[in-house]
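Visitor: Here is my input, please return the structure:
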Amino acid sequence: MSKVLPIPAKRHLPSKEATLFKELLTLYETRQLKKALKTADQILKKFPEHGETICMKGLVLTHMGKREEGIDLVKKGVRLDLTSHIVWHVFGLIQKGEKNYEEALKSYTQALRFDKDNINILRDAAQLQTQLRHYDSLVETRHTLLKIRPTLRQHWIALAVAYHLNGNLSEARKTLEHYELTLKNVADYDIEHSETLLYHIRILEEMEDYSEALALLDVNSKSRAIVDRAAIMEFRARLLSKLKSEEAEHAWRSLIEHNPDSHEYYSGYLSNQGLSLGEMCRGLWNMHLLIQTIAETPTPEALAILRQFSSQQPKAIAPRRLALDIATGEEFRELVQPYLYSGLTKGIPSLFVDIKSLYLDTSKRDTIEEIVEAALVEFTPAAEPTSPESVEPTTYLWTLYFLAQHYSHLSRSKKALETIEVALAHTPTLPELHTCKGRILKRAGDLLGAAKCINDARLLDGQDRFLNTKTAKYLLRAGCIEEANAMLGMFTKKDAVSPSSDLEDMQSLLYLIEEGDAHYRSGKLNLALKKYHAVQKVFNEIEDDQYDFHGYNIRKFTLNIYTKLVQWEDRLRSHPGYIKAALSASQIYLSIHDDPSIAKAIVSSPQLTDAEKKAKKKAKKAAQKVQEEPKKGSAPSANEDKGLEPAQPKDDDPEGIKLIDVSDPLEQAAKLLQPLTTLVKDNIDIWITVYDVAIRRKKVLQALQALNHARSLDAEHPEVHVRSLHFRQAITAVSSEPIGSVVKEASQKIIPDELSAVTYNGQYLQRHASDPLAAFAAARVAWELKEPIREVEQIVFTVLQDGSQLDISAALKISKFLADIKSERAEELRSACNSRFESSTVFQSATQLETLKRQVLSNEEEATKEEDTTPAS
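Guide: Prediction:
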């Protein structure tokens with residue numbers, strides 16, 4: 001048992017000073033900071049070593065913006081009185097403000113040792129325990145709060161939520177039942193009570209006690225205790241389905257009548273009937289806790305039901321669209337034709353996006369092409385109208401627009417461009433046509449031409465933020481980073497240091513990732529890392545932002561949405577934005593580790609161009625102006641509360657030099673990848689990168705685990721083939737027992753010892769003769785096996801053979817590989833790709849690309865000068 005420290009004599013204050021100290025606490029709580037500071041000084045004048053007062057003074061100073069002085073005083077106060085709950089509570093508040101949640105919780109735990117029934121400390125500790133997912137401790141803390149104040153409704157609810165988060169549903173149920181028994185004279189239409197009852201029903205549903213859940217729902221819906229009618233209908237339909245009740249069908253029909261365009265309701269109705277919408281629609285159904293015991297493939301009965309709903313709800317789009325996923329053959333043609341004609345005559349721009357998922361079935365894709373091409377002939381305006389009921393000219397235009405997207409999606413760039421040019425000749429003032437042309441050119445490999453087309457669309461509507469953002473995005477992809485930032489600056493804050501800093505403050509993942517990728521492609525790895533780490537910072541901030549909701553949602557009784565928020569936060573880093581940034585940053589760290597001269601070259605030589613230097617100077621002036629403006633204004637109030645969170649630190653590494661000049665690049669990469677290994681187990685790129693990092697860190701078992709996981713996802717993946725052979729080569733150095741024997745045995749299962757690496761590589765190439773990425777992988781393996789460069793080149797040039805499914809992305813990787821190994825045939829491949837992809841500009845020489853870039857940018861500048869409309873900020 002730990003020794004209890006004696007209460008120091010210095011803590012005791014005479015009556016006058018004790019009253020002043022109580023006044024100090026009140027003044028702090030009411031944020032009368034100037035008076036609080038004077039009161040603290042009065043006490044310290046007579047008792048300069050009173051730890052609690054010193055801590056309170058430090059807390060007040062921190063709130064007033066004197067952060068360093070305040071924190072020093074708090075630490076001094078803690079040292080002077082280690083047995084005071086006040087000093088530990090204050091220290092915890094400071095640590096919480098610094099987002100140091102683990103240490104803050106330790107301080108609160110210390111405070112509770114000396115005042116175990118302090119409600120404020122217990123409540124703050126509970127929020128920290130939830131933030132840190134210490135659910136066992138959370139249950140104990142919530143129990144203590146309930147014992148201290150059993151009449152407070154929030155404490156009952158908070159305990160039930162704590163049990164729920166901890167996975168103890170039976171105790172959560174008991175707590176809610178006890179709570180409901182204590183209620184008296186509940187007001188009509190009490191939203192808080194309604195939310196609590198819905199939460200109780202959800203707990204029962206998760207416990208699979210469907211009968212009890214339905215009974216509770218029916219009683220409280222009839223008494224109007226539950227006021228959310230839509231939630232009542234959804235819970236009822238779901239529970240009746242799980243109970244296999246005959247009433248379930250009527251419940252789902254009522255929901256469909258309530259909202260006939262909800263895909264989820266149709267899925268629920270069909271699931272209740274034991275029917276399926278098929279593989280393509282499975283992702284549409286995500287209503288809470290629906291148990292699908294349905295057939296894997298769509299059935300004619302499902303189609304008949306959807307057609308019935310279409311006739312009953314003629315204005316509803318959902319049943320007609322879902323029917324297209326199920327129908328096949330002539331039945332599909334019969335259904336898709338009116339659907340397409342309706343969209344074309346109404347001029348729905350998103351029609352192609354709506355139906356392109358059907359293209360997974362080639363027969364459906366061909367049927368759609370036949371119908372729309374026939375429609376184009378039908379809608380083409382005649383030289384002289386033959387009937388008064390002639391087709392609207394816009395119908396012809398939207399049909400061309402649809403077909404251009406269709407051809408582009410199928411990589412028929414030439415036909416797509418011809419079609420969109422006809423549309424532009426018909427109506428050159430429609431922005432959608434210019435954006436479509438830009439998208440076609442982007443897919444065809446003409447990034448600069450694509451950026452020009454998107455900018456043409458922007459010039460037609462200067463106040464459209466979407467078009468402005470789209471233009472900037474395409475400029476970034478074309479490598480025009482400065483021009484993209486200038487474009488974005490039209491809609492960012494005018495008093496911001498730079499458009500870049502404003503967009504980072506607004507947590508624009510699209511901008512951060514696109515600019516990071518642009519810097520990566522241009523070889524400015526330090527600036528790319530800067531943007532990727534900014535993405536990581538965004539997710540850290542989102543994670544921190546949940547803290548306040550742990551108390552807010554309990555107070556407001558929004559329990560169902562709160563528990564979903566906690567679950568969502570637990571999966572936060574499975575977001576595609578984080579995955580992209582983490583993988584790209586890890587690749588940069590791997591490059592730095594493999595070739596330290598990359599980082600040295602960046603650190604030693606300035607990378608800024610003249611234009612970038614000019615922009616940097618301008619940004620510095622803007623930053624100084626922003627800092628000077630508050631000084632010119634009125635003096636800040638002495639009671640102004642600046643909070644406990646530290647001010648945004650000044651960016652002392654704007655070029656990302658410190659990020660790239662790290663001593664442990666592999667450790668940095670491992671930190672970024674760590675959350676992905678548990679959250680995103682089906683992404684093969686993650687496991688390949690985890691392998692690359694682990695094998696370089698000499699974590700052989702971890703590398704083997706990552707490789708086996710990648711092989712379980714796709715053993716024939718080109719990158720897995722490269723890593724499999726790399727692993728075989730790498731483990732020759734592993735001889736320690738018992739790891740060596742385990743690893744070598746596992747390696748045998750991947751590539752048998754009797755099979756040579758060269759033979760294994762050749763067999764892989766034969767199995768995937770038409771896959772350019774497989775040929776690229778085989779060429780890389782051959783190079784690593786020290787095969788003659790002519791043989792490596794011979795493998796590479798198989799990608800140009802007839803039947804090879806070579807695309808621009810693969811061609812660029814292969815072209816870069818030949819350049820990296822200093823192949824004499826690199827130029828030959830580049831010329832062949834340039835001829836093969838006629839519309840592409842990415843295979844042109846550096847000189848040609850620079851000339852083309854200057855032409856495009858000069859045209860844009862001229863067009864912008866002629867633009868009359870100035871976008872509003």
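Visitor: Could you check how far the nearest residue to Asp115 once chain neighbours are set aside is from Leu145?
Guide: For Asp115, ignoring the flanking residues on the chain, the nearest one in space by C-beta to C-beta, 6 or more residues apart in numbering is His85 at 3.7 Å. In this view, the C-beta of every residue, glycine as well, is placed from N, C-alpha and C. Using C-beta to C-beta, to the nearest Å, His85 is found at 16 Å from Leu145.
Visitor: More neighbours: which of these two?
Guide: More neighbours surround Leu145 than the other of His85 and Leu145, with 23 against 19 (other C-beta atoms under 10 Å).
Visitor: element containing the more buried one?
Guide: Here Leu145 sits within helix 135-148, counting by DSSP states H and E.
Visitor: Not counting that helix itself, show me its contacts.
Guide: 116-117, 119, 122-123, 125-126, 129-130, 155-156, 158-159, 162-163, 165-168 (C-beta atoms under 8 Å, 6 or more residues apart in numbering).
Visitor: Now it: average pLDDT?
Guide: The predicted model assigns helix 135-148 a mean pLDDT of 96.
Visitor: If any of the contacts of helix 135-148 are buried, give me the ChimeraX selection for them.
Guide: Those of the contacts of helix 135-148 that count as buried under 16 or more other C-beta atoms under 10 Å are selected in ChimeraX with:
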select :122,123,125,126,129,130,155,156,158,159,162,163,165,166,168
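Visitor: tell me which element Ala251 is part of?
Guide: helix 247-258.
Visitor: Okay, now the unreliable bits of this protein?
Guide: Applying pLDDT under 70 to the chain flags residues 1-9, 278-298, 383-390, 605-642, 647, 733-740, 859-873.
Visitor: where along it do the strands fall?
Guide: Counting by DSSP state E, one finds no strands in the chain.
Visitor: Provide a list of residues in contact with the most centrally placed residue in it.
Guide: For the chain, His575 is the residue whose C-alpha lies nearest the centre (C-alpha atoms, centre = their mean; 3.1 Å). Counting by C-beta under 8 Å, 6+ apart, His575 touches Phe539.
Visitor: How about the backbone phi and psi for it?
Guide: Main-chain dihedrals, His575, degrees, to the nearest 10: phi -60, psi 140.
Visitor: gap between it and Ile513?
Guide: 11 Å.
Visitor: try Ser741
Guide: Ser741 sits 44 Å away from Ile513, taking C-beta to C-beta as the criterion.
Visitor: repeat for Thr39
Guide: 51 Å.
Visitor: same question, Ala40
Guide: For Ala40 relative to Ile513 (C-beta to C-beta), the value is 49 Å.
Visitor: of those two, who's got more company?
Guide: Ala40 (27 against 21).
Visitor: Provide a list of residues in contact with the more buried one.
Guide: Contacts of Ala40 by C-beta under 8 Å, 6+ apart are 24, 53, 56-57, 60.
Visitor: show me where the stretch 651-800 of the chain has helices.
Guide: 657-660, 665-679, 684-696, 700-713, 718-730, 739-750, 757-767, 772-784, 789-796 (DSSP state H, counting those that start in this stretch).
Visitor: I'd like to know which of these lies nearest to Tyr101.
Guide: helix 665-679 (16.8 Å; C-beta to C-beta).
Visitor: That closest one - contacts with which helices or strands?
Guide: helix 576-594, helix 684-696 (3 or more C-beta pairs under 8 Å, 6 or more residues apart in numbering; DSSP states H and E).
Visitor: Okay, angle between it and helix 576-594 too, please.
Guide: In terms of direction (axes from the mean of the first three to the mean of the last three C-alpha atoms, to 10 degrees), helix 665-679 departs from helix 576-594 by 150 degrees.
Visitor: which outside residues touch helix 665-679?
Guide: 536, 571, 573-574, 578-579, 582-583, 585-586, 589-590, 592-593, 662, 683, 686-687, 689-690, 693-694, 696-697, 706.
Visitor: Return the distance of that helix from the chain's centre.
Guide: 16 Å (C-alpha atoms, centre = their mean, to the nearest Å).
Visitor: which parts of it are buried?
Guide: Result for helix 665-679 [16+ other C-beta under 10 Å]: buried residues 665-666, 668-670, 672-673, 675-677, 679.
Visitor: related to what we said a few turns ago, got a PyMOL select line for the buried ones in the contacts of helix 665-679?
Guide: Buried residues within those, by 16+ other C-beta under 10 Å, are selected in PyMOL with:
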select buried, resi 536+573+574+578+579+582+583+585+586+589+590+592+593+683+686+687+689+690+693+694+696+697+706
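Visitor: Kindly indicate which of the buried residues of helix 665-679 lies nearest Tyr266.
Guide: Leu679 (30.7 Å).
Visitor: Relative to Arg573, how far out is that closest one?
Guide: For Leu679, the distance to Arg573 - C-beta to C-beta - is 6 Å.
Visitor: same question, Cys55
Guide: Distance from Cys55 to Arg573, by C-beta to C-beta: 37 Å.
Visitor: which residue packs closest to Gln154, ignoring adjacent ones?
Guide: The shortest distance from Gln154 to any non-neighbouring residue, by C-beta to C-beta, 6+ apart, is to Ile554 (5.6 Å).
Visitor: Same question for Ala375.
Guide: Thr399 (5.4 Å).
Visitor: so that neighbour touches Leu376, yeah?
Guide: Yes - between Thr399 and Leu376 there is a contact under C-beta atoms under 8 Å: 4.9 Å.
Visitor: just to revisit the earlier point, how far away is the residue nearest to Asp115 from Tyr108?
Guide: Distance from His85 to Tyr108, by C-beta to C-beta: 9 Å.
Visitor: what residues are shared contacts of those two?
Guide: Common contact partners of His85 and Tyr108 (C-beta under 8 Å, 6+ apart): Ile121.
Visitor: count of neighbours near Phe379?
Guide: Around Phe379 there are 22 residues (other C-beta under 10 Å).
Visitor: residue contacts, it?
Guide: So Phe379 contacts 344, 391, 395-396, 399 (C-beta under 8 Å, 6+ apart).
Visitor: Nearest to Phe549, out of the residues you listed: which one, please.
Guide: Of these, the one sitting nearest to Phe549 (C-beta to C-beta) turns out to be Leu344, at 45.9 Å.
Visitor: The closest one: neighbour count?
Guide: With other C-beta under 10 Å as criterion, Leu344 counts 25.
Visitor: cool, Ser845 as well?
Guide: Ser845: 12 neighbours (other C-beta under 10 Å).
Visitor: Repeat that for Glu257.
Guide: 13.
Visitor: And the nearest residue to it once chain neighbours are set aside, how far from Leu275?
Guide: Nearest in space to Glu257, with sequence neighbours left out and distances taken as C-beta to C-beta, 6+ apart, is Gln313 at 7.9 Å. Per C-beta to C-beta, Gln313 is found 18 Å from Leu275.
Visitor: Helices along the stretch 101-250 of the chain, start to end?
Guide: Using DSSP H, counting those that start in this stretch, the helices of the stretch 101-250 of the chain run over residues 101-114, 119-131, 135-148, 153-165, 169-182, 191-206, 210-222, 229-242, 247-258.
Visitor: Make a markdown table out of these and add distance to His717.
Guide: Putting the helices of the stretch 101-250 of the chain into a markdown table (distance: least, C-beta to C-beta, whole Å) gives the following:
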| stretch | distance to His717 |
| --- | --- |
| helix 101-114 | 39 |
| helix 119-131 | 39 |
| helix 135-148 | 38 |
| helix 153-165 | 38 |
| helix 169-182 | 41 |
| helix 191-206 | 38 |
| helix 210-222 | 43 |
| helix 229-242 | 39 |
| helix 247-258 | 42 |
